[in-house]
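>>> here is my input, please return the structure:
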Amino acid sequence: MPVPTVRKARADAPPGFFEAEAAGLRWLADAGGARVARVIDVAPGSIVLERIEPARPAPEAARRFGRDLARTHAAGAAAFGAPPDGFTGQLFIGRRPMPTASERSWGAFYARDRVLPFLPIARRAGFLTAAQEAEVRQACDLIAAGGFDDDEPPARIHGDLWNGNVLWSPDGVALIDPAAHGAHRETDLAMLALFGCPHLQLVFDAYDRTAPLRDGWRERIPLHQLHPLAVHAAGHGASYGDALFRAARAVLILAS
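Just a heads-up that it's a prediction; the model follows:
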């Protein structure tokens, strides 16, 4: 029986856009953890994926998702900022280019490549004030200096894990539209917390039982939300600039 599929296409897709999505999905699938939509075909300007049948979010599916996400993260990556294995093209988050890196320090990578690139865009758009940008840059200075580095290895993260990319099906959760790369595992959890997810506490509890999180991870959620908030401040309005500023202030308080 043919696999039900969905085709996504963009006439204005930048070079490698859907190829990056396909590489991320396959890399996440190779981890053997959280289910992802299977790539059926990819070509310049389009991608064909397995169609995920919808279902109501269920508690047991949430628990399984938490366990499986922990296993995906544990599959690891070559470095902080590393692209999917074997992929040498441009990465994207949404429609925006996202740098790759090969860093041993999470903080150096995160500040330089996941937060700072989006600040000038947000300023030009009028969604971030000069005073707010200064506060975010101060927080990034602390992060880049290693103030929040730990001994966590680079995790294999989805990278854009908001609720819209978490599909609930009769077979449990399936993930779509990754910005997959090597990073800190807490970043995926922080994005789930930022935009909400059904049965979120069950997801977190199951994750923590499978791969215990470091003390204080909840207090570090604003730290790991700087990246998605910076991306959104670049194109989705001043409310995200305000939220980015508040997260940066929370990071500065945490550091003190």
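
>>> can you pull the contacts of Ala206?
Applying CB atoms under 8 Å, 6 or more residues apart in numbering to Ala206 gives the contacts Ala62, Arg63, Arg64, Phe65, Gly66, Arg67, Ala70. All C-beta spots, glycine's among them, are computed from the backbone N, C-alpha and C.

>>> repeat for Gly86
Taking CB under 8 Å, 6+ apart as the definition of contact, the neighbours of Gly86 are Ala23.

>>> next one: Val115
By CB under 8 Å, 6+ apart, Val115 lies in contact with Val136, Cys140, Ile143, Leu226, His227, Ala230.

>>> distance to Phe18, neighbour count and pLDDT for the residues you listed - can I get that in TSV?
Conversion of the contacts of Val115 to TSV gives the following (distance: CB to CB, whole Å; neighbours: other CB atoms under 10 Å; pLDDT from 0 to 100):
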residue	distance to Phe18	neighbour count	pLDDT
Val136	31	28	98
Cys140	31	22	98
Ile143	32	27	98
Leu226	28	28	98
His227	22	27	97
Ala230	24	25	98
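
>>> now, the most widely separated pair of those?
Longest distance between any two of the contacts of Val115 is 12.2 Å, between Ile143 and Ala230; criterion CB to CB.

>>> who wins for neighbours among the contacts of Ala206?
Top of the contacts of Ala206 by neighbour number is Phe65, holding 28 neighbours under the definition other CB atoms under 10 Å.

>>> got a pLDDT number for that residue?
Among the per-residue scores, Phe65 shows a pLDDT of 98.

>>> also Pro2?
Reading off the per-residue confidence, Pro2 sits at a pLDDT of 70.

>>> helices of the protein, start to end?
Under the criterion DSSP state H, the chain carries helices at the ranges 17-30, 59-74, 106-110, 119-125, 130-144, 185-195, 200-210, 221-233, 238-255.

>>> residue nearest the centroid of the chain?
For the chain, the residue whose C-alpha lies nearest the mean C-alpha position (CA atoms, centre = their mean) is Gly159; its distance is 1.9 Å.

>>> roughly how far apart are the nearest residue to Arg51 once chain neighbours are set aside and Ile40?
Closest residue in space to Arg51, ignoring its immediate chain neighbours: Pro4 at 4.1 Å, by CB to CB, 6 or more residues apart in numbering. Look at Pro4 and Ile40: by CB to CB, to the nearest Å, they are 10 Å apart.

>>> pull up the overlap in contacts between those two.
With contacts taken as CB under 8 Å, 6+ apart, the residues that reach both Pro4 and Ile40 are Glu50.
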